[in-house]
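> Just to be clear, the model below is a prediction. Sequence and coordinates:
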Amino acid sequence: MKVIETNGLTKRFGKFTALNGVNLNVEQGEVYGFIGPNGAGKSTTIRVLLGILKATEGKASIFGQDVWKNAVELHKRIAYVPGDVNLWPNLTGGEVIDLMLSLRGKKAAGNRREELIERFKLDPSKKCRTYSKGNRQKVALVSAFAGEADLFILDEPTSGLDPLMERVFQECVAEVKAEGKTVLLSSHILSEVERLCDRVGIIRGGEMIESGTLDDLRHLTRTSMLVKTKEPLEGLKDLPGVHDVKQEDGAVSFQADGEKMDGIIRHVSRFGVVKLESAPPTLEDLFMRHYEGTGGEEADTDGRTTV
Amino acid sequence: MAERLFSGTGRLSRLFIRRDRLRLSIWITAIVLLNVSTAASFTGLYMSEEEKQAMAGTMENPAMTAMLGPGYGLENYHEGAMMAHQMLLFMAVVTAIMNILLVVRHTRADEEEGRVELIRSLPVGRLSTLASTLVVMTVVNTAVALLTGVGLAVVGIESIDFAGSLLFGAALGAAGLFFAGVTALFAQLSESSRGTVGLSFAVLGGAYILRAIGDVSSEGLSLVSPLGLILRTEAYVNNYWWPVFVTIGIAGVLLVLAFYLNLRRDLEAGFLPSRPGKKQASAFLKSPFGLSVRLQRTALISWAVGMVVLGVSYGSVLGDLEAFFEASEMMREILAPDAALSLTEQYLTMLMAVIAMICTVPPLMMMLKLKGEEKKGRIDHLLTRVVSRGRTMGSYFLLAMITSALMLFLAVSGLWAAAAGVMDDPMAFSMVFEAAMVYLPAVWIMIGAAVFLIGVLPKFSGFIWAYLGYTFLVVYLGELLQFPEWLKNLSPFGYVPQVPVEELSFTVLAVLTLVAAVLVIAGFTGYRRRDIAG
């Protein structure tokens, strides 16, 4: 069952097109990583999903209901953490948490509120103006996880947290996932996405350019190889799926396309392999290619990479 | 050492001017133009000697003194004296407001937003932020002083001569500098820009009231108030310069104190203590309306106190006024077309218009808070939860409506209570109450206009202040300067029946209320449909 579904979602601010036909599908019970460079349209998408911005074109629904028309009804089931948490300077953290819970019509179950405040090591008696960015984020995280929700929309929720708190956050996500809840996680911290997310969508320039499981995406990227052979390695450059060939004191290094790997290995093995090193593509390599827009020499100038 | 504390001041001053080149130009132009155009309006307003003297007679009355300052040069009441008498105090308050807002913006507000931290991480002195702000404010106040002085002299009215005009300008500049100093000091004491603005405006309000009481009853009190002090320049008649120098001198002392405190404190700290807060929210806070009240609680209480004080200070002069009217044969003739009403009651109508306009400020602030919250990205906290657009806007609207009635009620109660104490023939509360409450529909139109702007034209929501300023100008000064009627009718306040002098017309009030309702409905509809910024 699809929890979030957008179809050709487009948002224009005057002449500027922030989102251009975004299709985003998030399934029930999965943690979906939503990634892309700054200004790519992540937050705009999320703000449309929350009914704060009205889509210029296209459809967006959550739990099968229109996000604009049924915003208020939908928000009963959604917990949201913004990336840039602005709080009221003259209220305390504790007051804001209670306020946010009650605005969603929720009461924290049992001592869930205290437990989370404890886990995130937040001092709720301090005024929000004294909080650092990380502490303001903790307030938003505690309010989100303390109330019952079926969908968690988290927009770069850990950008101000220390590594210990980041771990607490990851535990919280794992817990709600175990309960069968759905999570849309926008993040820049790739290790976090790698650890938490079942599927990933990459957005750039207001368009979804890639979507799938991490394995799917890995398959699309290149592995770096280093080979040393008995006989001189020949004909490598002409092989399909081989890029960036360099001689390195007796060895050859190159990039190999995942889907052409079989043919490449067969070719190389004919020259008598002495040493073979392969580094699997990290998520970072994957992102770098998409973020930069010119990930390889074969990338189109319009930013759509061909692999 | 001193060099290190102030290094980069010049560069930061240029940054200030670059950031606010538009804001500064608008402020300076507006102040100078208001002065010059008022002076220019005297040329078209030909007055016979008798009319001038009748005007001088009006100025002698205590209520006028309380509102505009003491009359002087009344034996030979020429345009210059009129100009200074009617405009100097009003413009000094405007200049003070400019200084308060600009100084806060570039000191505590920048600090609170973390911009000063960024600047201080660069090779810039510890006092450079404050120093650059004060350098620019000195330039701005000097510009206001000189441009006003020259501008007034150029109008070419005989009695508005160069020497007097220069002093008039200098008095404005000095008052401005004084409040720049006050604000710079509070920016060190308070931890927040809100607190700084609040305290500075409290001093401005206090200075006005102290002067009003002092001018009517005891000269000494007026001299304690900077606004009272600069009125002692008696520009165009006696041209005393000492009040200007004294005011600038006190401003200098305030600035030195501000620098000293700035040096003594940590960045983002203040001297006024902040207490640890509650760990849990009260039941009241846990709703959008509760939140809107809580966020503006301090402002609400300060305005409530202010309104009572305003009412009491106006009310307390009504006793003197009564005696004055009794004594003055001429005043009775001018002001008494209707024998059934006492002169005080007639004078009351003008007072009510002024009180009602001042009472419009807090509800507009309550309403515009919605826009401010949106700009700061905090409206999202409501809208991403189970709170509709209508309920969000409604909670601020409800607060604004309650505030409008409450403020008017408090001011009028203060006025009546004080008047009852000093008058030989006290007025009935019901009459005073009615005279004030007829203004409610006009205030609602102003609130409605704010709702409309926020909902439909959010970028222009600040324009409501310009509209209120316009209203103030045509209603308050329009009487004195004899503006044409249609200018007055561009403001809802121009339509309000002046009870008890005029009949109470329910038709007019109903139409005004209807206009307000239309604006409110359009505003809510727009707000439901538009994007939320942030």
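Happy to help now that I have it.
> ok, A:I153 touching A:I78?
Yes. With contacts counted by Cβ atoms under 8 Å, A:I153 reaches A:I78, the gap being 6.1 Å. Heads up, the C-betas are built off the backbone N, CA and C, glycines and all.
> shared neighbours of the two, anything?
Common neighbours of A:I153 and A:I78, using Cβ atoms under 8 Å, 6 or more residues apart in numbering or on different chains, are A:L50.
> what domains does the record give for the chain?
Defaulting to chain A. Following automatic domain parsing, one finds the domains of chain A at A:2-216, A:222-280.
> wrong chain, I was asking about chain B
Taken from automatic domain parsing, chain B resolves into B:21-272, B:285-534.
> Do you have the helices of the stretch 101-250 of chain A handy? List them.
A:112-119, A:133-146, A:163-178, A:190-196, A:214-219 (DSSP state H, counting those that start in this stretch).
> Redo those as a markdown table? Include mean neighbour count.
As requested, the helices of the stretch 101-250 of chain A are exported to a markdown table (neighbours: other Cβ atoms under 10 Å in any protein chain shown):
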| stretch | mean neighbour count |
| --- | --- |
| helix A:112-119 | 17 |
| helix A:133-146 | 24 |
| helix A:163-178 | 15 |
| helix A:190-196 | 17 |
| helix A:214-219 | 15 |
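> Deepest-packed of the domains of chain A, please.
domain A:2-216 (a mean of 19; mean count of other Cβ atoms under 10 Å in any protein chain shown).
> Endpoints of that one, how far apart?
20 Å (Cα to Cα, to the nearest Å).
> most remote residue from chain A's center?
A:E231 (45.1 Å; Cα atoms, centre = their mean).
> In this model A:S269 seems to touch it, though I could be wrong.
No. Counting by Cβ under 8 Å, A:E231 sits too far from A:S269 to count as a contact (11.5 Å).
> how close does B:S342 sit to chain A?
47 Å (Cβ to the nearest Cβ, to the nearest Å).
> Check B:W27 too.
In terms of Cβ to the nearest Cβ, B:W27 sits 27 Å off from chain A.
> can you pull the contacts of that residue?
Counting by Cβ under 8 Å, 6+ apart, B:W27 has contacts B:M98, B:L102, B:V140.
> quick one: pLDDT of residue 68?
Unless you meant another one, I'm taking chain A. On the pLDDT scale, A:W68 is placed at 93.
> um, chain B though
82.
> if I pick it, what's in contact with it?
B:M59, B:H85, B:Q86, B:L89, B:F90.
> again, 7 Å this time
B:H85, B:Q86, B:L89 (Cβ atoms under 7 Å, 6 or more residues apart in numbering or on different chains).
> now swap in B:A184 and tell me
B:V103, B:T107, B:L130, B:L134, B:L254, B:L255, B:A258.
> Considering the residues you listed, which is situated nearest to chain A?
B:T107 (16.2 Å; Cβ to the nearest Cβ).
> next SSE after the helix or strand of chain B with the lowest mean pLDDT?
One helix or strand of chain B scores below all others by mean pLDDT, DSSP states H and E: helix B:329-335, with a mean of 59. Moving toward the C-terminus from helix B:329-335, the next helix or strand (DSSP states H and E) is helix B:343-375.
> could you dump the domains of chain B to a markdown table with distance to A:T158?
Below are the domains of chain B laid out as a markdown table (distance: least, Cβ to Cβ, whole Å):
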| stretch | distance to A:T158 |
| --- | --- |
| domain B:21-272 | 20 |
| domain B:285-534 | 19 |
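> what's the closest of those domains to A:E148?
Between A:E148 and the domains of chain B, the tightest spacing by Cβ to Cβ is seen for domain B:285-534, at 12.5 Å.
> returning to what we had before: show me just the buried residues among the contacts of B:W27.
Neighbour counting with 16 or more other Cβ atoms under 10 Å in any protein chain shown marks B:M98, B:L102, B:V140 as buried within the contacts of B:W27.
> where does the stretch 251-400 of chain B have low pLDDT?
Within the stretch 251-400 of chain B, the stretches with pLDDT under 70 are B:274-275, B:319-320, B:322-341.
> Next to chain A in this structure, residues from it, please.
Contact residues, the stretch 251-400 of chain B versus chain A (Cβ under 7 Å from any Cβ of the partner chain): B:274, B:276-281, B:285-286, B:291, B:295, B:376-378, B:380-388.
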